[in-house]
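Colleague: Any chance you could fold what I've pasted below:
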Amino acid sequence: MKQNIIKHNYSVTKEDRKSNNRQNSFLLWFTGLSGSGKSTIANALEHKLHQEGFKTYALDGDNIRKGINSDLSFSPEDRTENIRRIAEVANLMVDAGLIVFAAFVSPYKKDRKNIENIVGKENFVEIFVNTSIEECEKRDVKGLYKKARNGEIKDFTGVNAPYEAPENPDFEIVTDNMSIEESVEMIYYEIKNKLK
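Modeller: Just a heads-up that it's a prediction; the model follows:
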C-alpha cells in the first residue's frame, strides 16, 4: 500500500508561510518529570511571544491524550506511539509556519531522538526542565505522585517507570529554586535570535 502513496507538493511552501508570518518556525520541546513546570513555563513563554506578535501553538500532554491519543495507555510501547504522533502533528505545524510549544514528560531518549528525526534537527529545540523528584512531589497539584506511591497508578515516570534525562539538551533549566518568570526569561534569551 505504501508504494501507492505519493507526496504531493503544493505551490505555497513553508518558506512562503514563514515569510508571510515574518518569523521562523520551529518546535520547542519541553521534557521533564510530571510537576517539573514544563507546561507552566511553556504557557508563559508562548504568552510572551504571542504578545510580541508571533504566531504560535501549544501542544500539551493532558489535552492531547483527551483527543488524538485517547486510545493510548502509559505502557512503554504506547508512550513511544504517543510521542511519535505528537511529533508528526508538530511537524505539520512547523510546516505551517508556526512556533510550536510541546510539553511532555517524554521519558525515553530514543523517542526524543525520533522527534528530532521527524521535524528535522534545525527545527528542534530540546529544553530539559530539570526539577528534582522531591520538588515535583511537593508540588504534586494533581495528586499523581501520591497515587503512584500507593500503587494506584502503574508506569508512573520517576516512581515506577524510568526517566532518561537528556545528556545534551539545547537548554537545561533547574527549576527547584527558580521562578517561572526567571525560567521564561532564560529561555527567551537563548531563542531570541532564532525567532526571525
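Colleague: For burial, what's the neighbour tally of Val141?
Modeller: Using other CB atoms under 10 Å, Val141 has 7 neighbouring residues. For glycine as for every other residue, the C-beta is placed from the backbone atoms N, C-alpha and C.
Colleague: Touching, it and Ser39? I think so.
Modeller: No - here Val141 lies out of contact with Ser39, judged by CB atoms under 8 Å, at a distance of 10.9 Å.
Colleague: so what sits against both of the two?
Modeller: Common contacts of Val141 and Ser39 (CB atoms under 8 Å, 6 or more residues apart in numbering): none found.
Colleague: So in this protein, which helix runs the longest?
Modeller: helix 76-95 (DSSP state H).
Colleague: Give me the contact list for it.
Modeller: Here helix 76-95 has contacts from 14, 17, 25-27, 57, 59, 64-65, 68-69, 72, 100, 102, 104, 106-108, 110-112, 114-115, 118-119, 123, 155, 161, using CB under 8 Å, 6+ apart.
Colleague: Next, the buried residues of stretch 166-182.
Modeller: Pro166, Pro169, Asp170, Phe171, Ile173, Thr175 (16 or more other CB atoms under 10 Å).
Colleague: Please apply the same query to stretch 75-93.
Modeller: The neighbour-count check on stretch 75-93 (16+ other CB under 10 Å) flags Arg79, Thr80, Glu81, Asn82, Ile83, Ile86, Ala87, Val89, Ala90, Asn91, Met93 as buried.
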